[in-house]
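Enquirer: here's a sequence, model it:
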Amino acid sequence: FFARLFSYKMHFLAGLARAGRLLGRPATARGLATAADANSTRVDVANIKLSRPKPKKTEKWVGLEGLEQRTAGSLISETLSQMEADAQTADDLRSLGKQQLSLEERKRRRRALSNLGVPEFHDFIAQRGVAIPRVAPRIMQMNIGLYCNQACNHCHVDSSPKRTEMMSRAVVDKCLEVLRSTPSITTVDITGGAPELNAEFRYLVTEASRLGLKVIDRCNLTVLQEPGQEDLAAFLAGHRVQVVASLPCYSPKNVNMQRGSGVFDRSIRSLLQLNDVGYGVEGSGLQLDLVYNPLGAFLPPQQAALEAKYKEELFQAFGIVFNGLFTLANMPITRFADFLYRRNELEEYMALLVNSFNPMAAEGLMCKDTISVRWDGHLFDCDFNQQLDLGMGTVETACDKGKGVTIFD
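Expert: Residues are numbered from 1 along each chain as shown. All right, here's what the predicted structure looks like:
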């Protein structure tokens, strides 16, 4: 009960502090509308630096010349090497095991909130006149696998090349059956991991498109450069898939610091390829949106201002165009929680989320109209609760007790 209550409180506060998490709603519904003046994060995010005890040397950006040669081959081997270099995380996982590490993670966050004197979740929102009624589902978000060619520092899903969980054809077919019989759902939001690396991804996109549904692909960009994905941009364009792509900065140093060495080069090349098939180009009807995540324990800048900065920098440097930018506050779970704890910033970050409470963002919370389907078919209110194994239903049906509602129920 307390784990679930804590998750709701933390998820709500993080959700109210972030902008643009779901598409199709005004940016202000997800933004820091009432807390904008309190948010002092600059839009020149390329100049925001994190202090490091022992900074590593990073290669300077050498431009577009030779980009194709620098991005040849898979990113996976490099990602695995960097994961092995993270000795602290590796030692924690070996000594505690993933499930035990998750429990320790919850204890850390609970202690951080206790030190802040935050009231219980329902009291907190009641005092501010906020209600969160559940409405008919409008979006089915499907996490079709945790396998990824990257292992980003901020990843709340804990994806990497070492994860093997993948959604099967049976689960995909059952989701499609539910979609056919649920007219209120108009959007299929596909995520992962790198969802494109699941063998069922193209089948799912094709069948969902035939149903006349809006299809969103949450893309890490570098997947377009993986062997076997050479035609991915054309496939997405052919099915009119909306691409929501991660790019945490417009500078190579910050991107590579958060997402891994070589990611910036591959991201730029992928954006150019998406532009080539019409994505982000005015009049094409092919929507390309980017996503910004902060590098550390701070909130994103104002969404509209940062979007203008991104458009200016990416067009001037590379000729890249896109439609919109969504700014997200990082969720303090899995890798990002460990990152904050090692830097002794967890309590400070939790305080920032609490103090940035924005009741106007409650209207856009995904838990109101989204069904989140895990790779094994279990159902959740949102992808954050999915990663904490807090399934739909009562405490007695929580997935961490071996039960829970699934897409087959």
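Enquirer: give me the neighbour count for Ser81.
Expert: By other C-beta atoms under 10 Å, the residues close to Ser81 number 11. For the C-beta atoms, the positions are set from N, CA and C on the backbone; glycine is no exception.
Enquirer: any low-confidence regions in the stretch 1-150 of the chain?
Expert: 1-40, 49-62, 85-113 (pLDDT under 70).
Enquirer: got the phi and psi for the residue of the chain most remote from its centre?
Expert: Most distant residue from the mean C-alpha position of the chain: Glu65, 30.8 Å away (C-alpha atoms, centre = their mean). Note on Glu65: its backbone torsions stand at phi -60, psi 130 [degrees, to the nearest 10].
Enquirer: where do the helices sit along the stretch 251-400 of the chain?
Expert: 252-259, 263-276, 303-318, 334-342, 346-355, 383-387 (DSSP state H, counting those that start in this stretch).
Enquirer: what's the burial count for Gly117?
Expert: Gly117 has 7 neighbours, counted by other C-beta under 10 Å.
Enquirer: which strands or helices does the host helix or strand of Ser81 pack on?
Expert: Per DSSP states H and E: Ser81 is located in helix 76-85. The contact analysis (3 or more C-beta pairs under 8 Å, 6 or more residues apart in numbering; DSSP states H and E) places helix 76-85 against helix 87-96.
Enquirer: helix, strand or coil: sort out Gln141 for me.
Expert: Recorded secondary structure, Gln141: strand (DSSP: H, G, I helix; E, B strand; the rest coil).
Enquirer: tell me what the residue nearest to it when sequence neighbours are not counted is bridged to.
Expert: Excluding the flanking residues, the one nearest Gln141 by C-beta to C-beta, 6 or more residues apart in numbering is Asp189, at 4.1 Å. With DSSP bridges applied, the residues forming beta bridges to Asp189 are Gln141, Ile216.
Enquirer: pLDDT score assigned to Asp189?
Expert: At Asp189, the pLDDT value in this model is 98.
Enquirer: quick check, it in contact with Ile139.
Expert: Yes - using C-beta atoms under 8 Å, Asp189 is in contact with Ile139, at 5.6 Å.
Enquirer: between the two, what contacts are shared?
Expert: Counting by C-beta atoms under 8 Å, 6 or more residues apart in numbering, the shared contacts of Asp189 and Ile139 are Thr370.
Enquirer: please enumerate the helices of the stretch 51-200 of the chain.
Expert: Under DSSP H, counting those that start in this stretch, the stretch 51-200 of the chain gives helices at 67-70, 76-85, 87-96, 98-116, 121-127, 169-180.
Enquirer: roughly how far is the fifth one from the heart of the chain?
Expert: Averaging C-alpha positions (C-alpha atoms, centre = their mean, to the nearest Å) puts helix 121-127 27 Å from its chain's average.
Enquirer: renumber starting at 271 from here on
Expert: With 271 as the first residue, the last one maps to helix 391-397.
Enquirer: by contact count, what packs against it?
Expert: By 3+ C-beta pairs under 8 Å, 6+ apart, helix 391-397 packs against helix 272-286.
Enquirer: if we can go back for a sec, next, format the helices of the stretch 521-670 of the chain as a markdown table and append distance to Leu483 and mean pLDDT.
Expert: Shown next, in a markdown table, are the helices of the stretch 521-670 of the chain (distance: least, C-beta to C-beta, whole Å; pLDDT from 0 to 100):
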| stretch | distance to Leu483 | mean pLDDT |
| --- | --- | --- |
| helix 522-529 | 30 | 79 |
| helix 533-546 | 21 | 95 |
| helix 573-588 | 26 | 95 |
| helix 604-612 | 30 | 81 |
| helix 616-625 | 33 | 88 |
| helix 653-657 | 19 | 87 |
